[in-house]
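Student: return a 3D structure for these sequence lines:
(2 chains)
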Amino acid sequence: MPRPPLAVFTALCAVLVVSALWASASGALSIPHNKLLPLLWSGATDGDDVIWRNVLIEVRLPRIVLAVTVGAALALSGAVMQALFRNPLAEPGLIGISLGGAAGAVAAIVLGAEGLFGIAPAAFGGSLIATALAYRLGSQRPGVANLLLAGVAINAICASIVGFFTYQASDVQLRNLTFWNMGSLAGATWSMLAWLVPLVVVICALMLRDWRAMNALLLGEREAQHLGFDLARLRRRLIVLTALLVGPLVAVTGTITFVGLVVPHLIRLPLGADHRWLLPNTLAGGAIALTLADWLARTVVIPAELPIGIVTSLVGGPFLLWMLTRRSA
Amino acid sequence: MLTARNLQCSRGRRRVLDAIDIDLPAGEVLGVLGANGAGKSTLLGTLAGELKPELSPEPGLLINGREMAAWSVASLARCRAVLPQSPGLRFDLPAHEVVAMGAYPFPELTPRALATLIDRALEIADVSALAPRAYQSLSGGEQQRVQFARTLVQVLACRAADEYRVLFLDEPTSSLDPRHQLLLLQAVRTLSRTDGLAVLVVLHDVNLAARWCDRLLLLADGRTVALGTPANVLSPAHLATVYGMDATVIDSPVHPGTPMVVFG
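Tutor: Here you go, the predicted structure:
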């Protein structure tokens, strides 16, 4: 029997708060844990406290809020893709949605767009094309492999677009290739979060509303139609929402793979596939996963920093292999 | 009531349905018989609003006097349910959850009304004991009964007693044991009487169809061979046209008045 979903959700939220606090304390400059809450609440007076408070508020916290936002959004988009594509391996990174967004962003930057309000729409456009393409190609034949093959092709095309524009660009224009391929949360600022967080919240809320349709899709596309869900409209809506979610994220963080694959599957283990509970728990799980991944990326090779994609791929790659062997068995 | 006049449907260049006239009145079970590839599933898909029929001069396909094309997907789901031939499930859910999906077109149901409705459907489909189990751990026949319960929830959900609703069943007995074949068709027939359901059921077993359906439609090559009560349409000549096989028709020794068909 599945465990009470509300209890799982509460537990996940508690874990999220603890890991966020933990992550905010450690890094190149480590802040004593017992100082965290006083620093946030009552401000700083003497020397060390002032530095700690500055690091905490201007560097660590925005980064952790970004990790929570991006992790939740990526994991949710993975769960939504898996429902819509009816494929357990659907994930924004694997099927090329993320790199599609990166290609759009890079092209926009090199062609002269400035600021996130110029870049994010281009990233959305790139993601949208990649998602629609993946859906088209991936659903032509049954079976999970088709979508992955389409993803390989889409990723290859987008990677070459990213590569082309990166070599065209001046250093000032563009962060390096690693950023677009491996991702990083280092660019987090409060002003960026001020528009990113509301966007993500709204889109996630819209996605959560479709939990019934996603459950019905578990039965099949015909059956979902029989149960009153207009498939063409649902498909259009979810594809656009996913691109709206993933595209701007990629413009901010680069591509971070595997969160959308691993988290929903881990949540399904205790909870089952009922999207009413799966989707909110996936949000919480994704937030935890990326907070911890970013914490590792920051602390493993102090004072340097790993691209966060290395951490997520290190966990996600073996997970994908495990899934592939399990499915063929 | 659902009415179809001069219904035509093609797949590629092949015409799979031609000149079908059919009514599905409330309170009646219509059985559809035919050989493989005769167009049974296409007919079901077309009448269920899933496949688009070709335009014919007459208004071809109506529910309650309104063209099928004018119904929204959501409003159609409130008056018709479909049990498909081989229902699967992508990720595992408890069987209970699958049955509850039948109420998705009715978000206005209270949790209490929903629970009553689901219990009733589970009981009718004889799957109450399976409800807490994981769907994918069930046998093929058990899964079919769970899906049957799901369509029952959809077709029995709250509405005015005289509102038209129609249930489409595509070979619902194909993987059931004899007892459950009988229970299912008996339940369908009873519900058509007590709840005024219109039912269209595609069957392969001629004798089950003869016993439980009010009228039978015999299809061959997408055309109507005969339409009427079992006693009227189950003749050796019709059966030879439909199945390409000799058949003897006798009066059932157990259920007098019901024809019984022996092939070969």
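
Student: wait, does the helix or strand harbouring residue A:197 contact chain B?
Tutor: Taking DSSP states H and E as the criterion, residue A:197 maps to helix A:190-208. No - contact of helix A:190-208 with chain B (C-beta under 8 Å from any C-beta of the partner chain) is absent, the minimum separation being 14.9 Å. In this view, the C-beta of every residue, glycine as well, is placed from N, C-alpha and C.

Student: what's the first helix or strand after that helix?
Tutor: helix A:211-219.

Student: can you pull the buried residues of that following helix?
Tutor: A:211, A:212, A:213, A:214, A:215, A:216, A:217, A:218, A:219 (16 or more other C-beta atoms under 10 Å in any protein chain shown).

Student: tell me the mean pLDDT for the helix or strand where residue A:320 lies?
Tutor: Under the criterion of DSSP H and E, residue A:320 resides in helix A:308-328. On average, the pLDDT along helix A:308-328 is 84.

Student: show me what that helix is packed against.
Tutor: Applying 3 or more C-beta pairs under 8 Å, 6 or more residues apart in numbering or on different chains; DSSP states H and E, one finds that helix A:308-328 contacts helix A:177-182, helix A:259-271, helix A:275-299.

Student: these: which one's closest to residue A:42?
Tutor: helix A:275-299 (24.8 Å; C-beta to C-beta).

Student: just the angle between that closest one and helix A:211-219, please?
Tutor: Using axes from the mean of the first three to the mean of the last three C-alpha atoms, to 10 degrees, one finds that helix A:275-299 and helix A:211-219 are set 90 degrees apart in direction.

Student: contacting residues for the closest residue to chain B within the stretch 1-150 of chain A?
Tutor: As assessed by C-beta to the nearest C-beta, chain B sits closest to residue A:86 within the stretch 1-150 of chain A, at 5.2 Å. Residue A:86 makes contact with A:217, A:218, A:220, A:221, B:90, according to C-beta atoms under 8 Å, 6 or more residues apart in numbering or on different chains.

Student: ok, residues contacting the helix holding residue A:197?
Tutor: Applying C-beta under 8 Å, 6+ apart, the set of residues contacting helix A:190-208 is A:62, A:65-66, A:69, A:72-73, A:76-77, A:80, A:116, A:238, A:241, A:244-245, A:248-249, A:252, A:279-280, A:283.

Student: do that again at 6 Å, thanks
Tutor: A:62, A:65, A:69, A:73, A:76, A:80, A:241, A:244, A:245, A:279 (C-beta atoms under 6 Å, 6 or more residues apart in numbering or on different chains).

Student: could those go into a markdown table alongside neighbour count?
Tutor: Shown next, in a markdown table, are those (neighbours: other C-beta atoms under 10 Å in any protein chain shown):
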| residue | neighbour count |
| --- | --- |
| A:62 | 18 |
| A:65 | 21 |
| A:69 | 25 |
| A:73 | 30 |
| A:76 | 30 |
| A:80 | 28 |
| A:241 | 20 |
| A:244 | 22 |
| A:245 | 28 |
| A:279 | 23 |
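
Student: between those, which is nearest residue B:234?
Tutor: Residue B:234 lies nearest to residue A:80 out of these, by C-beta to C-beta, at 51.0 Å.

Student: the closest one: helix or strand, and which one exactly?
Tutor: helix A:61-84.

Student: quick one, that helix and helix A:275-299 angle?
Tutor: For helix A:61-84 against helix A:275-299, the angle by the same axes, to 10 degrees is 140 degrees.

Student: what packs against the next helix or strand after helix A:61-84?
Tutor: Going down the chain from helix A:61-84, the next helix or strand is helix A:97-110, by DSSP H and E. On a contact count with 3 or more C-beta pairs under 6 Å, 6 or more residues apart in numbering or on different chains; DSSP states H and E, helix A:97-110 meets helix A:116-138, helix A:145-168, helix A:231-253.

Student: rewinding a little: got the angle between the helix holding residue A:80 and helix A:190-208?
Tutor: Helix A:61-84 and helix A:190-208 are oriented at 20 degrees to each other (the same axes, to 10 degrees).

Student: how many residues are close by the residue of chain B found nearest chain A?
Tutor: Closest residue of chain B to chain A, C-beta to the nearest C-beta: residue B:77 (2.8 Å). Using other C-beta atoms under 10 Å in any protein chain shown, the number of residues around residue B:77 comes to 25.

Student: what's next to stretch A:116-128, contact-wise?
Tutor: With C-beta under 6 Å, 6+ apart as the test, stretch A:116-128 has contacts from A:97, A:100-101, A:103-105, A:108, A:113, A:243-244, A:246-248, A:250-251.

Student: try stretch B:118-126
Tutor: With C-beta under 6 Å, 6+ apart as the test, stretch B:118-126 has contacts from B:99, B:100, B:128, B:131, B:145, B:148, B:149, B:152, B:153, B:183, B:187.

Student: narrow these to those in strands?
Tutor: The members of the contacts of stretch B:118-126 all map outside strands under DSSP state E.

Student: specify which member of those residues is nearest to residue A:25.
Tutor: Nearest to residue A:25 among the contacts of stretch B:118-126, with distances taken as C-beta to C-beta, is residue B:100, at 45.0 Å.

Student: excluding residues flanking it in the chain, which one is nearest the closest one?
Tutor: Computed as C-beta to C-beta, 6 or more residues apart in numbering or on different chains, the closest residue to residue B:100 that is not its neighbour in sequence is residue B:118, at 5.9 Å.

Student: per-residue pLDDT of the one you found, please?
Tutor: pLDDT, residue B:118: 95.

Student: grab the nearest non-local neighbour of residue B:222.
Tutor: Of all residues not flanking residue B:222 in the chain, residue B:39 sits nearest, at 4.0 Å (C-beta to C-beta, 6+ apart).

Student: then residue A:300?
Tutor: Distances taken as C-beta to C-beta, 6+ apart place residue A:306 nearest to residue A:300, at 6.0 Å, with adjacent residues excluded.

Student: that neighbour: neighbouring residues, count only.
Tutor: Residue A:306, neighbours per other C-beta under 10 Å, totals 18.

Student: sec struct for it, please.
Tutor: coil (DSSP: H, G, I helix; E, B strand; the rest coil).

Student: cool, and residue B:10?
Tutor: Classification of residue B:10 using three-state DSSP returns strand.

Student: so it bridges to which residues?
Tutor: Counting by DSSP bridges, residue B:10 is bridged to residue B:15.

Student: could I get the buried residue list for stretch B:44-55?
Tutor: In terms of neighbour count (16+ other C-beta under 10 Å), stretch B:44-55 has its buried residues at B:44, B:45, B:46, B:47, B:48, B:49, B:50, B:51, B:53.

Student: what do you get for stretch B:206-218?
Tutor: Using 16+ other C-beta under 10 Å as the test for burial, stretch B:206-218 gives B:206-218.

Student: check stretch B:192-205 too.
Tutor: B:192, B:196, B:197, B:198, B:199, B:200, B:201, B:202, B:203, B:205.

Student: can you pull the pLDDT of the fourth one?
Tutor: This points to residue B:198. As predicted, residue B:198 sits at a pLDDT of 94.

Student: please apply the same query to the first one.
Tutor: Model confidence at residue B:192, expressed as pLDDT, equals 94.

Student: wait, what's in contact with it?
Tutor: Per C-beta under 6 Å, 6+ apart, neighbours of residue B:192: B:27, B:29, B:199.

Student: for residue A:184, see how far away the second one is.
Tutor: Residue B:29 sits 65 Å away from residue A:184, going by C-beta to C-beta, to the nearest Å.

Student: and the contacts of residue A:86 as JSON lines, adding distance to residue A:162 and pLDDT?
Tutor: JSON lines is the format used below for those (distance: C-beta to C-beta, whole Å; pLDDT from 0 to 100):
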{"residue": "A:217", "distance to residue A:162": "32", "pLDDT": "92"}
{"residue": "A:218", "distance to residue A:162": "35", "pLDDT": "92"}
{"residue": "A:220", "distance to residue A:162": "36", "pLDDT": "89"}
{"residue": "A:221", "distance to residue A:162": "33", "pLDDT": "88"}
{"residue": "B:90", "distance to residue A:162": "32", "pLDDT": "78"}
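
Student: all set, thanks.
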